[in-house]
Structure formats: structure tokens, C-alpha cells
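**Student:** quick check, what structure comes out for this input:
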Amino acid sequence: MNTIRVDRAAQVWTVTITRPEVRNAVDGPTAHALADAFRAFDADAEAQVAILTGEGGHFCAGADLRTVASGISPGELGAADQGLTLALDDDMSHDGPMGPSRLDLTKPVIAAVEGYAVAGGLELAVWCDLRVAAKTATFGVYCRRFGVPLIDGGTIRLTRLLGESRAMDLILTGRGVGAEEALLLGLANRVVGHGEALAAAQMLAGQIAAFPQQCLRNDRRSARRQHGLSMRDALAQEFALGRATLASGEAQGGAQRFVSGAGKHGRFDGA
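**Tutor:** Down below sits the predicted model:
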């Protein structure tokens with residue numbers, strides 16, 4: 001049975017977890033399918049932006065604890081006698097237990113969050129570049145109460161997004177965070193009405209897809225890869241990526257459009 005659905009509409013892909021009976025909890029086949037879907041998205045020349053969402057009113061409730069209870073990690077990387085111990089290569093070549101959490105994509109992904117984005121589902125949400133949340137959404141490290149660790153980047157990405165103090169509040173307490181607080185924390189980027197997250201994410205994706213893509217992707221890459229670099233090295237990386245954009249001719253074409261009258265006074269029509 002397929003546990004995800006991929007809808008390709010022009011330049012925007014929508015990847016939906018389709019396990020509503022378990023609030024879109026991720027088991028092994030679902031993890032592999034998600035990773036494969038995002039690899040295909042990144043390799044598709046036409047695709048510009050992807051959306052990750054869940055079916056039936058919830059984003060994702062994390063790992064399917066029925067597999068964890070049997071001693072097997074969601075991505076089937078652990079053995080029954082190893083619990084959640086991962087047999088990973090030094091180069092981290094395996095997919096994450098939740099699927100795509102170790103992929104370093106060249107294009108942006110937006111999470112459209114309704115209902116629960118908790119435990120591993122929270123890790124999937126913060127793997128995305130942006131998060132559009134319905135006002136009834138709930139984020140949280142709910143796996144805290146069951147002794148299941150964050151092993152899909154949650155301890156790292158939460159800390160980078162929120163800062164150590166706020167991340168520790170979520171990581172240590174396991175408390176639920178509503179959409180409005182998530183917006184204040186920087187965990188959510190947009191808050192919309194109940195049932196409107198996907199439509200709002202699709203609108204946002206369309207706006208992002210309309211921009212000149214090489215510039216957008218290189219600026220995104222600079223922001224993503226500056227962690228751990230000195231200021232000097234981060235500036236050198238930014239300059240090299242910017243120079244590549246300029247060499248592509250994309251900026252010159254954009255400047256010519258501006259001079260001809262396009263985009264003035266804050267307007268942008270994607271032309």
C-alpha cells in the first residue's frame with residue numbers, strides 16, 4: 001500500500017503522508033518513500049519548490065511507535081537487539097529514520113502543518129526551509145515522554161532555528177507549542193486559518209518558484225552552509241556563490257527588466 005502521494009503541479013510538488021489512521025506516523029516503508037520522493041524532486045529540472053504535508057488533519061505524529069516497540073527504528077536501520085542504535089557509515093550515507101532528514105537538497109521545501117507536528121514529525125517540519133501552520137497546529141517533542149530520542153536532526157535544527165535556550169525548553173519539557181507561540185519563537189513562519197495551511201503553502205511556493213532560481217538557490221545555500229564557519233570563511237563562501245550567480249547572467253537579465261520598468265515600487269510578477 002502506498003503511504004505517500006506526490007502531486008506534481010507545474011513547478012511545485014506536494015508530497016503528502018497518507019497514513020491518517022495513525023496521524024501520519026512514519027514506518028519504514030513510509031520513511032523510504034519520503035526520501036525517494038524528495039530525491040526525485042531535487043533531480044527534476046522543472047521542479048522548483050516542494051511542499052510536505054499530511055493527510056486527514058495532521059502533519060505527522062512522529063515515528064510509528066509500533067515499530068519502535070518491536071526494536072526496529074522507523075527507517076529499519078536498527079536491529080531488534082540494538083533498539084534504536086543506528087548502524088551508520090561515517091559519511092552519513094543512510095537515509096534518516098524518518099526518511100529525508102539527512103538529505104541536503106538544492107531547492108526549498110515548505111511544511112504545511114495542520115494538527116500535530118510532534119516528535120519525529122517536528123523533526124521533519126524543521127528539516128523544511130519554511131513552515132506554514134494552521135492556527136490549530138501543535139508542535140512538540142512528544143517523544144520525550146516515551147524515551148524515544150531525537151535522531152533526525154531535531155536537537156540540531158531546533159537549536160539553530162530557535163537558539164539554545166528556547167530549544168532546550170522544548171527538548172527538555174516535551175511540552176506542546178501552539179501555532180501562535182510557534183510564530184513568536186520562529187518555529188512557524190506563517191499562521192493561517194484551520195484547514196488553510198496547504199493552500200497558503202502552495203501560494204507561497206508559487207511566489208518562490210517565480211523568482212530567478214539560481215540566485216535564490218545560491219543565497220539559500222550560503223545561509224544553510226554558514227553554520228560552523230568563521231565570519232571570514234562564511235563571507236568567502238557567500239561571495240563565491242554570488243559570483244557564480246553573476247556569471248550566469250541571471251542578475252544582468254533581472255537588472256535589465258528593472259530598468260525597463262518591471263518590479264518597481266515593490267511589484268513583482270515573475271516575468
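**Student:** any idea how far the spatially closest residue to Arg8 that is not a sequence neighbour is from Ala179?
**Tutor:** Once flanking residues are discounted, Arg8 sits nearest to Ala47: 7.3 Å by Cβ to Cβ, 6 or more residues apart in numbering. (Glycine included, C-beta is placed from N, CA and C.) As for Ala47, its distance to Ala179 is 28 Å (criterion: Cβ to Cβ, to the nearest Å).
**Student:** neighbour count: the two, which is higher?
**Tutor:** In this view Ala47 and Ala179 are compared by other Cβ atoms under 10 Å, and Ala179 has more residues nearby, 25 against 18.
**Student:** picking up where we left off before, let me see the confidence value for the residue nearest to Arg8.
**Tutor:** The per-residue pLDDT reported for Ala47 equals 97.
**Student:** list the contacts of it.
**Tutor:** Counting by Cβ atoms under 8 Å, 6 or more residues apart in numbering, Ala47 touches 8, 11-13, 41, 107.
**Student:** same thing with Thr30?
**Tutor:** Counting by Cβ under 8 Å, 6+ apart, Thr30 touches 3-4, 17, 19, 64, 74, 99.
**Student:** now do Asp44
**Tutor:** Trp13.
**Student:** list the buried residues of stretch 138-152.
**Tutor:** Applying a neighbour-count criterion of 16 or more other Cβ atoms under 10 Å, one finds 138-144, 148, 150-152 buried in stretch 138-152.
**Student:** likewise stretch 19-36?
**Tutor:** Buried residues in stretch 19-36, counted by 16+ other Cβ under 10 Å: 19, 22-28, 30-35.
**Student:** what about it, how long is it end to end?
**Tutor:** End-to-end distance of stretch 19-36: 17 Å, with Cα to Cα, to the nearest Å as the criterion.
**Student:** that stretch: how far from the chain's middle?
**Tutor:** Centre-to-centre, stretch 19-36 and its host chain are 15 Å apart (Cα atoms, centre = their mean, to the nearest Å).
**Student:** as a check, name the ranges of all strands in the stretch 51-200 of the chain.
**Tutor:** 109-113, 116-118, 130-134, 138-140, 177-178, 190-192 (DSSP state E, counting those that start in this stretch).
**Student:** ok, which of these comes nearest Ser230?
**Tutor:** Taking Cβ to Cβ, strand 130-134 is the member of these nearest to Ser230, at 27.5 Å.
**Student:** surely Leu246 is within a strand?
**Tutor:** No - counting by DSSP: H, G, I helix; E, B strand; the rest coil, Leu246 falls outside a strand, being helix.
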